[in-house]
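>>> Give me the fold of what follows.
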Amino acid sequence: MRWVVLQWRASLIGRWLCLLVCHPADGDLRKLLRGCQSKNIKLTSAEQLTLVAPVASGFAYMEDHRYVHMDIAARNCLVGAHNNVKIADFGMSRKLEENEDHWTGPASLKIPVKWCAPEVISEKMFSHASDVWSYGIMVWEVLAYGEMPMKGINNVAVSQSLQKGYRCPAPPGCDGETYEQLKKMWSYERAERPTFEEVHSNLMAILRKMPEKRDVRLQSPHPPCVSGQCFAKASAATAIPTPGRFC
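Model prediction:
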């Protein structure tokens, strides 16, 4: 199952280049999480993992095709019908060449420091492994209802804190097995981090063992889109959203 959200088609109408995109009706994932917090809606652990675990399959698809997202965060995932979360905001994304395992950006490149792996902060070195780190932060955001990661630590001090072994603490209600997976994603050495296929497999295995999973939709009722061929189906699927209990 693939969960890459922003499928598009471009067409030339007269002198204008028009871009058609899917429109997930419920905004970005962080907005949904903060809404839950403000309305005092408590999500079960299974509901939280259901929002993010399947999305790792979309990032695995990008990894297979050598694309690095470079800006993974809850604010950059969109929520559609049935609380179906998909990847968006590919403005920084870059395709690696066949002989590359990373891309190094200019020193002046602005980055969201608290979502970034140590090598991105210090060297602007982006890779699939740095995406895994950022995805781990996104999972933490979901478990923490959209709170700011590393709250109270300024951007300048983040790199030093990470070098000393600091990681975002487990949010209230986060089970030990899930947090262990997060710590693997936050391994200081990028070679020690799991691939997205491994992340997806591990998180889905945890999800299936949760006792409350029987009340949660583990798969989208709509075909996930990974190419323009699915555009029409995706548009139809999101045109009349079904209210979820998170909204």
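
>>> Run through the neighbouring helices and strands of whichever helix in the chain runs longest.
The helix that spans the most residues within the chain, counting by DSSP state H, is helix 128-143. Counting contacts by 3 or more Cβ pairs under 8 Å, 6 or more residues apart in numbering; DSSP states H and E, helix 128-143 packs against helix 29-38, helix 45-52, helix 55-64, strand 67-68, helix 118-123, helix 176-185, helix 196-209. (Each C-beta comes from the backbone N, C-alpha and C, glycine too.)

>>> now the angle between helix 196-209 and it, please.
On the basis of axes from the mean of the first three to the mean of the last three Cα atoms, to 10 degrees, helix 128-143 is oriented at 30 degrees to helix 196-209.

>>> what's the following helix or strand after helix 128-143?
helix 155-163 (DSSP states H and E).

>>> now that following helix against helix 128-143, angle please.
Relative orientation of helix 155-163 and helix 128-143, computed by the same axes, to 10 degrees: 100 degrees.

>>> ok, back up a step: and the longest helix of the chain, C-alpha only, in PDB?
C-alpha atoms of helix 128-143 as PDB (Å, rounded to 0.1, in the frame of the first residue of the first chain):
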ATOM      1  CA  HIS A 128      17.000   8.400   3.200                       C
ATOM      2  CA  ALA A 129      18.500   7.900   6.600                       C
ATOM      3  CA  SER A 130      17.900  11.600   7.500                       C
ATOM      4  CA  ASP A 131      14.400  11.200   6.300                       C
ATOM      5  CA  VAL A 132      13.900   8.200   8.700                       C
ATOM      6  CA  TRP A 133      15.100  10.400  11.600                       C
ATOM      7  CA  SER A 134      12.600  13.200  10.600                       C
ATOM      8  CA  TYR A 135       9.800  10.600  10.300                       C
ATOM      9  CA  GLY A 136      10.600   9.400  13.800                       C
ATOM     10  CA  ILE A 137      10.100  13.000  15.000                       C
ATOM     11  CA  MET A 138       6.800  13.100  13.100                       C
ATOM     12  CA  VAL A 139       5.600   9.900  14.900                       C
ATOM     13  CA  TRP A 140       6.600  11.600  18.200                       C
ATOM     14  CA  GLU A 141       4.500  14.600  17.200                       C
ATOM     15  CA  VAL A 142       1.400  12.300  16.700                       C
ATOM     16  CA  LEU A 143       2.000  10.600  20.000                       C
END
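
>>> Please consider this matter closed, and thank you.
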